[in-house]
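Enquirer: Starting from these lines, generate the structure:
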Amino acid sequence: MKINKYITSFGLLLALLSCNKDNEPKPDNIITIADDKSTADNKSDITINVDEYMAVNAVEFKLKLTGISIELATEVIKPLTKGVKKAEFYVSINQKLREEGTKHYNELISLAATRKHDYSIPLGKETKYYVSAVITDINGKQHYGKEVAYTVSPTINKEQRKVKVENTSLVANNTSLVLIAESIFIGEKPSKFIVEYSKKSDFSVSVNKDLNSEIKDGKSGLLLQIDKLDPASKYYLRYVATFADGKTYTSEVSTFETIDKYTIGKTYGIDGNTYAQFLVFSSNTANQTGKVVQITNATSTIDWKKGNVDVDIKGKTYSLSRPTVQDLEELKNVEDNNSAYWLGLSTTVFSEKLKDQFYATSEEDPSDASKTIEYNPFTKKSRSVAKKLTGGTRNERYILEVK
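Expert: Numbers count the residues shown, from 1 in each chain. Coordinates of the predicted model:
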């Protein structure tokens, strides 16, 4: 009988403890947990009204380099604490979020505090997107908020088209310019794309160069050479893109200055032939002339004659001169002692220095009209050779006098 008494007392104690726990005040914003007491072994069933805790405030589609993204402006309305494992925002394409086999794009958010979340999910140009907040409870069950469908505007390519040229680098010499930049094309492509340059800041008199071949998707490198510029001049440069509807994009204006064409070591460009490059090696400021030398050594099998020589360089013909003995000596001295010329030579594509060999000159042998003089600027020795070759080749280093 004492045992029953003890059991009864213990049961009363448990009941009192249970009553005290139920009467404790509960903090605000805690997710309600409803216990299912039908089976003692079952886990507690958690009920969550997601829309009370999380919201999608705005949805916007943006064209980017990688394609279309969906930008969600979301918010945790009040803190998520008890019973929650994680909270996310889900996006699906063309299928409702809870349909079988639906692929989700999701972003995990912080549960610690009330805050706004702005982020992008990279997508494509599919027909429809479904968006919802999702909370996963500690039992692994997912609870969905209100599911809303959004569609991409069919005219987004036009509405958000973009052309931009950035990181422009301009390297000018006396008569030409090398332009390096990055171009960006997003959405609808322009029907015309040019680079425009002028000596007038208002571009009232200008020259333009077609860049339609540079219109590419996304970001790409832009490399361009502009020739036939005036020496010692200031130029203004900009890019202009024109769309099919007539609207234009005009970049900010850049400036560059060409140098005096008689500056030793500077590149002298005759035209756009990349292989027809010359370096200034001699300058006469008194009579405003200079001499330029082709940057590469050459050979020929043609008979020697007075005057200029027609030289083919990568499919184009140029009227060039052979150097005098004095020209070769001056060129060798500049190569050895002038740092500006050495720098120009070292930074010019395909460039070569003189070699320890005999070069054809523009001079005849004064003692034999059938022969011409060749000269080695390394050994400072001359030799007499026949104007008409019976075999072999002549070593050439062509020059040009510029005014």
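
Enquirer: going forward, measure contacts between C-alpha atoms and count neighbours the same way
Expert: Will do.

Enquirer: residue ranges of the helices in the stretch 251-400 of the chain, please?
Expert: All helices of the stretch 251-400 of the chain, identified by DSSP state H, counting those that start in this stretch, fall at 325-337, 339-346.

Enquirer: so which of these comes closest to residue 198?
Expert: helix 339-346 (26.4 Å; C-alpha to C-alpha).

Enquirer: ok, residue 341 to residue 267 distance?
Expert: Distance of residue 341 to residue 267, given as C-alpha to C-alpha, to the nearest Å: 10 Å.

Enquirer: Nearest to residue 242, out of the helices of the stretch 251-400 of the chain?
Expert: Taking the helices of the stretch 251-400 of the chain one by one with C-alpha to C-alpha, helix 339-346 is closest: 38.1 Å.

Enquirer: what about the chain, any weak spots by pLDDT?
Expert: Scanning the chain for pLDDT under 70 picks out 1-44, 81, 110-120, 122-125, 261, 269-275, 285-288.

Enquirer: Who is residue 164 paired with across the strands?
Expert: residue 184 (DSSP bridges).

Enquirer: contacting residues for it?
Expert: 183-185, 251 (C-alpha atoms under 8 Å, 6 or more residues apart in numbering).

Enquirer: ok, 10 Å please
Expert: Applying C-alpha atoms under 10 Å, 6 or more residues apart in numbering, we find residue 164 in contact with 182-186, 219, 239-241, 249-252.

Enquirer: Repeat that for residue 239.
Expert: Residue 239 touches 163-165, 193-197, 208-209, 211, 249-254, counting by C-alpha under 10 Å, 6+ apart.

Enquirer: from the residues you listed, which ones fall inside strands?
Expert: Within the contacts of residue 239, residues falling in strands by DSSP state E are 163-165, 193-197, 208-209, 249-250, 254.

Enquirer: Can you add distance to residue 377 and give those residues back as CSV?
Expert: Output for the ones in strands among the contacts of residue 239, formatted as CSV (distance: C-alpha to C-alpha, whole Å):
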residue, distance to residue 377
163, 54
164, 52
165, 48
193, 50
194, 47
195, 44
196, 45
197, 43
208, 44
209, 43
249, 56
250, 53
254, 44
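
Enquirer: and residue 89, that one's in a strand?
Expert: Yes - membership of residue 89 in a strand is supported by DSSP: H, G, I helix; E, B strand; the rest coil.

Enquirer: what's the distance between it and residue 102?
Expert: Counting by C-alpha to C-alpha, the gap from residue 89 to residue 102 is 15 Å.

Enquirer: Between these two, which is the more surrounded one?
Expert: Here residue 89 and residue 102 are compared on neighbour count by other C-alpha atoms under 10 Å; more neighbours surround residue 89, at 22 against 14.

Enquirer: list residues touching both of residue 341 and residue 267?
Expert: By C-alpha under 10 Å, 6+ apart, residue 341 and residue 267 have these common neighbours: 279-281.

Enquirer: Tell me the one among those nearest to residue 148.
Expert: residue 279 (67.9 Å).

Enquirer: What about the closest one, how many residues nearby?
Expert: 26.

Enquirer: Make 40 the starting number, not 1.
Expert: With the count now opening at 40, the last piece we talked about shows up as residue 318.

Enquirer: so who does it touch?
Expert: 300-308, 330-334, 380, 383-384, 387, 390, 438-439.

Enquirer: got it, and residue 204?
Expert: Applying C-alpha under 10 Å, 6+ apart, the residues contacting residue 204 are 220-224, 258-261, 277-279, 289-291.

Enquirer: And the furthest pair within the ones in strands among the contacts of residue 278?
Expert: Top of the distance list for the ones in strands among the contacts of residue 278 (C-alpha to C-alpha): 202 and 236, 18.6 Å.

Enquirer: thinking again about what came up before, which one of residue 380 and residue 306 has more residues nearby?
Expert: Shown here are residue 380 and residue 306; by other C-alpha under 10 Å, residue 306 has more neighbours (29 against 21).

Enquirer: Look up which residues are beta-bridged to that one.
Expert: Under the criterion DSSP bridges, residue 306 forms beta bridges with residue 318.

Enquirer: correct me, but it touches residue 387?
Expert: Yes - using C-alpha atoms under 10 Å, residue 306 is in contact with residue 387, at 7.9 Å.

Enquirer: Overlap in contacts, those two.
Expert: Joint contacts of residue 306 and residue 387 (C-alpha under 10 Å, 6+ apart) are 316-318, 334.
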